[in-house]
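Asks: Sequence first, predicted coordinates after that:
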Amino acid sequence: MKLECKHVWEHISEYLDRQLDPQLLQDIENHLENCEVCSAILDSTRNILVLTADDRTYELPVGYSERLHKRLAKALRE
Amino acid sequence: MSTTVEQEKDLIARVLAGEVDLFHQLVRPYEKLVFVTIFAMLRNESEAEDAAQEVMINAFRHLRNFRGDAKFSTWLVTIAMNEARQRLRKAKQAIHESLDEDKHDKEGDFTPAVLTDWREIPSEALEKKEMREKLREAVAQLPPIYREVLVLRDLEELNQEETANALGISVTLVKVRLHRARMMLQKRLVPYLKTAAPARKGFFGRLFQ
């Protein structure tokens, strides 16, 4: 089936999460091969997700762990 | 040092049986997870730290409620999310804003921004600190109902079911909100992504020559 761009956009998230059923996946991949606009949207969204996941490496405030366990120690005694 | 599920179960049982000091050991592998989750929601380091401490204390006080059917980490994230939600709500009330968040589920434009003058974002540009900062700002600006789903799915990489459980919403709603959150981010970040791509001589290029 030939898809319109708008229809592809609705499924970008599921596409990235690999949740599409095989037929729709095939239709979308066919569309992406010929559509620079949708490919660009997909790439930018994917890159944003990579960056988001990278934020897990966020550096903790200095002394966070010590302060946490100090306060916990107090709470454990209550 | 990582703790196996079995060791974790054993630790929990012993804490509940009175060896409370073992609680430190139990939560140590997750103290970063809890902080990062809350910080992504609140974007304020000192508040996130205080909230993370509260979360761990609450987890200790309610440890008896933990059921082994979910992962201990997911349970902690659930408590962390509740703490973040409460604090966001308080902050919101403080500035007299509308609490009517659910309306976001029914209205709004969640289509992506169309890009015509670039193909790929150069990865070196994406690695820039600046881009990361822009992303954090954009995440912080998402309405909380979208932000929380994005944080759990795309930052913490919880699966759909875990996310739904942690937030007390359905899997369908997780999917809908996640899609919208991602599209909103894409839209907001496009201007910065564009500058990272080589300029193309288009209409404006000709206009200002």
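Replies: Cool, the structure landed. Just so you know, these numbers come straight off a predicted model, no measurement behind them.

Asks: Outline the domain layout of chain B.
Replies: Domain assignment for chain B by automatic domain parsing gives B:5-94, B:102-200.

Asks: Out of these, point me to the one whose mean pLDDT is lowest.
Replies: Looking at these, the lowest mean pLDDT belongs to domain B:102-200 (a mean of 79).

Asks: center of chain A - which residue?
Replies: Nearest residue to the geometric centre of chain A (Cα atoms, centre = their mean): A:L49, 3.7 Å.

Asks: State the mean pLDDT of the helix or strand where that residue lies.
Replies: Assignment of secondary structure by DSSP states H and E places A:L49 within helix A:36-54. Averaging pLDDT along helix A:36-54 yields 88.

Asks: can you check stretch A:2-22 too?
Replies: The average pLDDT for stretch A:2-22 rounds to 92.

Asks: Quote the end-to-end distance of that stretch.
Replies: Start to finish, the residues bounding stretch A:2-22 are 15 Å apart (Cα to Cα, to the nearest Å).

Asks: Who are the contact partners of B:V34?
Replies: Contacts for B:V34 (Cβ atoms under 8 Å, 6 or more residues apart in numbering or on different chains) come out as B:27, B:52, B:55-56, B:76-77, B:80. C-betas here are computed from N, CA, C, even on glycine.

Asks: again, but for B:F60
Replies: Neighbours of B:F60 in contact, by Cβ under 8 Å, 6+ apart: A:72, A:75-76, B:15, B:20, B:23.

Asks: cool, B:F66 as well?
Replies: B:12, B:59, B:72, B:75.

Asks: what do you get for A:A75?
Replies: B:57, B:60-61.

Asks: And the helices in the chain?
Replies: No chain was given, so I picked chain A. A:5-9, A:12-16, A:22-34, A:36-54, A:64-77 (DSSP state H).

Asks: nope, chain B
Replies: B:5-16, B:22-27, B:31-42, B:45-61, B:72-94, B:123-126, B:129-141, B:144-150, B:160-167, B:171-196, B:203-207.

Asks: What distance do you get for B:A40 to chain A?
Replies: Note on B:A40: its distance to chain A, by Cβ to the nearest Cβ, to the nearest Å, is 7 Å.

Asks: Same check on B:F66?
Replies: To chain A, B:F66 is 16 Å away according to Cβ to the nearest Cβ.

Asks: Now the phi/psi pair for that residue, please.
Replies: Backbone dihedrals for B:F66, given as degrees, to the nearest 10, come out at phi -70, psi 130.

Asks: Where does chain B get nearest to chain A, which residue?
Replies: Nearest residue of chain B to chain A (Cβ to the nearest Cβ) works out as B:H179 at 3.6 Å.
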